[in-house]
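**Q** Give me coordinates for this.
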Amino acid sequence: MIGEVPAQGLTGKAHGYLSSQWPKLVRVLDRLPLDTNGVESAIRPFVVGGKNRLFADTVRGAKASGIEPFPRTPSSTRSCRTASIAP
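**A** The predicted structure is shown next:
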């Protein structure tokens, strides 16, 4: 039947769990903006740099092209900036 599932099945248990947790989920989502623009902007240089590094045959060639051959990871760099620490 559409709209009804047996409560003993896995889908029924999942539905019961979701129903019991729904108020908490709504409360959290009301406080958090669902916006990933900041994260996407923060990792864009690493993504573009990764494509550029893909075609740099040597470290010397990468340096000549202005590409950092061994970049810091995006998450550690972002964490340092958030904590006002020079990465």
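
**Q** Contact partners for A7?
**A** Under the criterion of CB atoms under 8 Å, 6 or more residues apart in numbering, the contact list for A7 reads 13, 16. C-beta here means a position set from N, CA and C on the backbone, and glycine is covered the same way.

**Q** and R27, helix, strand or coil?
**A** Applying DSSP: H, G, I helix; E, B strand; the rest coil to R27 yields a three-state assignment of helix.

**Q** For it, grab the count of nearby residues.
**A** Residues contacting R27 under the criterion other CB atoms under 10 Å number 9.

**Q** Make residue 1 into 40 and carry on from there
**A** In the new numbering, first residue 40, that becomes R66.

**Q** distance of it from T97?
**A** 54 Å (CB to CB, to the nearest Å).

**Q** Please apply the same query to T75.
**A** 35 Å.

**Q** Please apply the same query to H54.
**A** Taken as CB to CB, the span from H54 to T97 is 57 Å.

**Q** next one: E79
**A** E79 is 31 Å from T97, by CB to CB.
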